[in-house]
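1. model the following, please.
(one chain, ligands or ions: 3)
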Amino acid sequence: MKILTASQIREADAYTIANEPIPGIDLMERASRACANWIQTHYPPGQPVIVFAGKGNNGGDGLAIARILLEAGYRVHVAIIQHMEHASEDHIMNLTRLKALVNSPVQVVHAVNEMPAIPAGAIIIDAILGTGTNRPVSGWLTNVFHYINNKAKNSTIVSIDMPSGLMADRSTKNAPSVHADFTLSFECYKLAFMLPENADRVGTPVILPIGLHKDYMQHVSTNFHFVDRSIIDTLYLPRSPFSHKGTYGHACIIAGSYGKMGAAVLATRSCLRSGAGLVSAYVPTCGYTILQESIPEAMCITDPAGEFSGSIHDLDQLGITFKAIGIGPGIGMHPSTVKSFERWITLQRQPVVIDADALNIIAGNPSLVQFIPAHSILTPHPKEFERLFGKTTDEFERLGLLSAKAVAWNIYILLKGRFSAIACPDGSIFFNSTGNPGMATGGSGDVLTGILTGLLSQGYQPKAAVLLGAYVHGAAGDAASAHYSQEAMSAGDIIGHLGDVFLSIRESASTNKL
Ligand SMILES: NC(=O)C1=CN([C@@H]2O[C@H](COP(=O)(O)OP(=O)(O)OC[C@H]3O[C@@H](n4cnc5c(N)ncnc54)[C@H](OP(=O)(O)O)[C@@H]3O)[C@@H](O)[C@H]2O)[C@@H](O)CC1
Ligand SMILES: Nc1ncnc2c1ncn2[C@@H]1O[C@H](COP(=O)(O)OP(=O)(O)O)[C@@H](O)[C@H]1O
Ligand SMILES: [K+]
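-> Numbering: from 1, shown residues only. Ligands and ions are numbered 1, 2, ... in the order given. Have a look, this model is predicted:
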């Protein structure tokens, strides 16, 4: 799914109005009905509803929602927030329609002391500002937001299109906004929803299709995408009936050190469970028994240094052709490991997966960047990202840096998080849609390294491997949390659920082909 900017959304609205064709007021009615339906599905008519409406089209939506809910038997109070003098045409039209329906005058709020009381259990509809927000909110509107956010107990804030005050494409980190429980947003995710700095403002985002014109949506060009199932199904490569283990490549996981052999086990096991033909683990000698006993299907190559790896650079001399290599989980930062990695990276000619301490070694010696093979996949978490690329003032700036580095280094960078951001060598960014806080547990990232290496090994191109790998990893985490709970699940449980996810992707990919 494409993520559009506020101005592209305005264009999409205008294109739909001109080419469907449909009058703007009817498009607004369609959007408002989608919201009202959602509210009716989730809350019974007994609950009081308070609609806060601004003077633009977002407010127009709010007034239309109020009318539809009144007609459906809800008790609705409407407060128009007078943040500007003139109202939009469709706001005025919907105000007229609302007033025709009910006799009681709609309240107009000019100052925070005129705000209506919010009863316990109310559904608060926040339709003050939407994608038209073009500057940080200041003045008395700040107090209005504060008033709404300190809502009465047990009430729920449902924001329409955007939490009021939030800008779709720019940081609002230091500006006030409504803090929604749910944001009902039209047609597509907004960039602001993807960023952790807005997590407690957006609440749970719900995307409601409103039938914006398909031609516009297909042709509009954007650097930002949301990886949903429709993208994933196109990436999946079914295995050929005549294939053999040689078809799916020999993968190598370079991981582990004394006390951190679990990282090697998790990455090796997830590599196997993601379809590599053969998997070898390269571990320090101390990890030999652990590895062989816990994963008999994998082969094991030991580094002579004992408790850490110091001869990684000699791997190429073994005469084994690895189709893909993943390096980093648990390797530590022993000076011999650092030296050995520095030599090893200069020898690589095909894309590799680089994670954890291997990233920290590069951060400590930026001249190594020139040796990272084109189209390699780097998987930093935010702290590793900061070590590699430095601090940024906000997360929009961090996205810019992420994209710029992927272009400059001609690599894929997967910045881990709730919506992991995957930057491609062409500068585009794909946000992964799967995963949950149960995955915030030691070893989850090691599992991802194994999955990515396994996918590369069996012939996925790096872009397909990183998009599919992130999706599968998160979806397996979702399946694990459904089974064990977010609290009780561990990284190993993600691996345990990879099979369910591959089965389901295989099934929908083949159904789509019928
Ligand atoms: N077009 C369509 O057909 C459809 C549109 N839809 C709906 O329309 C919404 C977009 O509506 P919109 O463009 O009227 O903008 P909206 O967010 O209501 O803001 C109104 C005005 O507020 C002002 N303002 C800006 N920042 C401010 C600030 N910080 N503090 C105070 N004021 C501020 C600014 O005016 P300015 O002050 O710049 O003159 C701005 O113009 C969209 O989110 C969706 O809900 C749907 O119904 C689908 C069909
Ligand atoms: N709240 C969350 N929602 C979705 N995914 C998450 C969440 N927290 C963590 N994850 C995922 O779990 C993984 C954690 O990786 P990482 O921080 O490297 O863990 P570790 O170093 O312990 O292996 C990442 O892929 C990340 O996207
Ligand atoms: K809003």
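2. got a list of what the residue nearest to Gly417 when sequence neighbours are not counted touches?
-> Beyond its immediate neighbours in the sequence, the residue positioned closest to Gly417 (CB to CB, 6 or more residues apart in numbering) is Pro196, lying 6.1 Å away. Glycine gets a C-beta too; all of them are placed from N, C-alpha and C. Taking CB atoms under 8 Å, 6 or more residues apart in numbering as the criterion, Pro196 is in contact with Glu395, Gly417, Arg418.
3. in strands only, show me those.
-> Among the contacts of Pro196, none falls in strands (DSSP state E).
4. could I get the residues you listed as TSV with distance to Asn410, neighbour count and pLDDT?
-> Output for the contacts of Pro196, formatted as TSV (distance: CB to CB, whole Å; neighbours: other CB atoms under 10 Å; pLDDT from 0 to 100):
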residue	distance to Asn410	neighbour count	pLDDT
Glu395	24	22	96
Gly417	23	19	96
Arg418	27	16	96
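5. out of those, which one sits closest to ligand 1?
-> Glu395 (19.8 Å; CB to the nearest ligand atom).
6. wait, what's in contact with the closest residue in space to the closest one that isn't next to it in sequence?
-> Spatially, and ignoring its direct neighbours in sequence, Glu395 is nearest to Leu195 (4.2 Å; CB to CB, 6+ apart). For Leu195, the contacting residues are Glu395, Phe396, Leu399, by CB under 8 Å, 6+ apart.
7. picking up where we left off before, check the gap between the residue nearest to Gly417 and Ile118 for me.
-> Applying CB to CB, to the nearest Å, the value for Pro196 to Ile118 is 28 Å.
8. and if you look at Val51?
-> From Val51 across to Ile118, the span is 12 Å (CB to CB).
9. the two: who's more crowded?
-> Neighbours per residue, other CB atoms under 10 Å: of Val51 and Ile118, the larger number sits with Val51, 29 against 20.
10. you'd agree Gly54 is up against Ser164?
-> Yes. Using CB atoms under 8 Å, Gly54 is in contact with Ser164, at 7.1 Å.
11. around ligand 1, which positions in the stretch 51-200 of the chain sit nearby?
-> Taking CB under 6 Å from any ligand atom, the part of the stretch 51-200 of the chain that reaches ligand 1 is made up of 54, 56-59, 61, 83-84, 88, 129-135, 137, 141, 160-162, 186.
12. filter the residues you listed to the buried ones?
-> Of the members of these, the ones counted as buried by neighbours, 16 or more other CB atoms under 10 Å, are 54, 56-59, 61, 83, 88, 129-133, 137, 141, 160-162, 186.
13. near ligand 2, which residues of the stretch 301-450 of the chain show up?
-> By CB under 6 Å from any ligand atom, the part of the stretch 301-450 of the chain that sits against ligand 2 consists of 381, 416-418, 420, 435-437, 439-440, 442-446, 448.
14. if we can go back for a sec, how close does the residue nearest to Gly417 get to Leu399?
-> Noted for Pro196: a distance of 11 Å to Leu399, by CB to CB.
15. same thing with Val466?
-> Computed with CB to CB, the distance linking Val466 and Leu399 is 17 Å.
16. mind giving me the domain ranges of the protein?
-> By the assignment in automatic domain parsing, the chain contains the domains 6-222, 231-513.
17. per-residue pLDDT of the closest residue to Ala87 other than its chain neighbours, please?
-> In space, Ala87 comes closest to Lys55 once its chain neighbours are excluded; the distance is 4.4 Å by CB to CB, 6+ apart. pLDDT, Lys55: 98.
18. what number of residues lie near Lys55?
-> Around Lys55 there are 22 residues (other CB under 10 Å).
19. for Ser376, same thing?
-> Based on other CB under 10 Å, the number of other residues close to Ser376 is 22.
20. what of the one 5 residues further on?
-> As a burial measure, His381 scores 17 neighbours (other CB under 10 Å).
21. so it makes contact with Gly445?
-> Yes. Using CB under 8 Å, His381 is in contact with Gly445, at 6.4 Å.
22. need the overlap of contacts for the two.
-> Here His381 and Gly445 share the contacting residues Lys416, scored by CB under 8 Å, 6+ apart.
23. tell me the secondary structure at the residue nearest to Gly400 when sequence neighbours are not counted.
-> Take Gly400 and drop its neighbours on the chain: the residue closest to it by CB to CB, 6+ apart is Thr392, 8.0 Å away. Following DSSP: H, G, I helix; E, B strand; the rest coil, the label given to Thr392 is coil.
24. now Thr392: how far from Thr133?
-> If you go by CB to CB, the gap between Thr392 and Thr133 works out to 22 Å.
25. again with Phe308
-> According to CB to CB, Phe308 and Thr133 sit 53 Å apart.
26. one more: Tyr248?
-> Tyr248 sits 50 Å away from Thr133 when distances are taken as CB to CB.
27. so what's Asn360 up against?
-> Contact criterion CB under 8 Å, 6+ apart gives Met333, Glu384, Arg387 as the residues in contact with Asn360.
28. which one of the residues you listed is nearest to ligand 2?
-> The shortest distance between ligand 2 and any of the contacts of Asn360, using CB to the nearest ligand atom, involves Glu384 and amounts to 7.7 Å.
29. helix or strand for that closest one, which one?
-> For Glu384, the element it lies in under DSSP states H and E is helix 382-389.
30. point out the other helices and strands that that helix packs with.
-> Counting contacts by 3 or more CB pairs under 8 Å, 6 or more residues apart in numbering; DSSP states H and E, helix 382-389 is packed against helix 356-364, helix 395-409, strand 412-415.
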